[in-house]
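In: Next input, structure requested:
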Amino acid sequence: MITVEYVRLMARYNLWQNNALIAAAETLDQAALDADRGAFFGSILATFNHLLWADQIWMSRLDGWAAPQVGISGSVSLWPTLAAWKADRMRADGRIRLWAQRLRPIDLRGPLIWYSGSQGRDISRPVATCVMHMFNHQTHHRGQVHAMLTAAGATTTDTDLVFMPEDT
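Out: Residues are numbered from 1 along each chain as shown. The predicted structure is shown next:
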């Protein structure tokens with residue numbers, strides 16, 4: 001289904017895109033980051049928060065990270081400022097890259113079983129599907145943030161995977 005090379009590529013892409021969005025977001029003030037822009041989670045910062053929360057949840061299942069102690073509804077307010085979010089985002093991105101580098105083909109096989117708070121039950125899915133979902137979820141919400149940043153007047157950069165620098 002997927003390979004460790006795919007996972008490593010997507011971990012690099014995640015880091016590249018998050019760095020680009022951080023640079024754009026840092027040109028805005030707190031009010032602009034907190035303004036409700038009509039997106040699913042409302043604001044730029046709330047969407048950033050949810051995205052990092054979700055990465056922590058998935059990596060708790062995939063690599064034993066500590067899971068956030070709040071559910072989806074609390075995911076939007078874990079980091080009250082861009083600076084606080086950025087520090088944990090950068091740590092998480094580095095850890096995701098290290099996890100991807102350690103990954104072996106066997107690690108992508110078999111089921112992943114977890115309790116889903118949003119579904120209120122145990123779930124079992126193939127590990128490879130869960131890994132693809134994590135990266136797809138990142139891309140989805142980063143797209144929302146990219147649109148909100150652009151609408152707020154920030155200058156954003158390319159998001160095309162094929163244009164990612166080789167040294168990322």
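In: Residue 51 - nearest residue in space that isn't next to it in sequence?
Out: residue 141 (4.5 Å; Cβ to Cβ, 6 or more residues apart in numbering). Every residue, glycine included, has its C-beta placed from N, CA and C.
In: what is the mean pLDDT for the helix or strand hosting the one you found?
Out: Assigned by DSSP states H and E, residue 141 belongs to helix 127-151. Averaging pLDDT along helix 127-151 gives 98.
In: Quick check: buried residues in it?
Out: For helix 127-151, the neighbour count (16 or more other Cβ atoms under 10 Å) marks 127-128, 130-132, 134-135, 137-138, 141-142, 144-146, 148-149 as buried.
In: Looks like the residue nearest to residue 51 contacts residue 47 (just checking).
Out: Yes: counting by Cβ atoms under 8 Å, residue 47 is a contact partner of residue 141 at 5.6 Å.
In: list the residues that contact both of the two?
Out: Common contacts of residue 141 and residue 47 (Cβ atoms under 8 Å, 6 or more residues apart in numbering): residue 41.
In: Among the buried residues of helix 127-151, which one lies nearest to residue 105?
Out: Nearest to residue 105 among these is residue 128, at 10.1 Å by Cβ to Cβ.
In: which stretches of this protein form strands?
Out: Remark: strands assigned in the chain by DSSP state E are 111-116, 121-126.
In: would you turn those strands into JSON lines with distance to residue 20 and mean neighbour count?
Out: Below are those laid out as JSON lines (distance: least, Cβ to Cβ, whole Å; neighbours: other Cβ atoms under 10 Å):
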{"stretch": "strand 111-116", "distance to residue 20": "30", "mean neighbour count": "12"}
{"stretch": "strand 121-126", "distance to residue 20": "30", "mean neighbour count": "11"}
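In: Let me have the ones you listed in CSV, extended by distance to residue 34.
Out: Listed next are those as CSV, based on distance: least, Cβ to Cβ, whole Å:
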stretch, distance to residue 34
strand 111-116, 29
strand 121-126, 33
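In: Would you mind telling me which of these is nearest residue 81?
Out: The closest of those to residue 81 is strand 111-116. By Cβ to Cβ, the value is 29.7 Å.
In: got a list of contacts for that closest one?
Out: Residues from elsewhere that reach strand 111-116, judged by Cβ under 8 Å, 6+ apart: 61, 62, 121, 122, 123, 124, 125, 126, 127, 130.
In: Sort out which one of these lies nearest residue 22 for me.
Out: Using Cβ to Cβ, residue 62 is the member of the contacts of strand 111-116 that sits closest to residue 22, with 23.6 Å.
In: which residues touch that closest one?
Out: Applying Cβ under 8 Å, 6+ apart, the residues near residue 62 are 99, 112, 127, 130, 131, 134.
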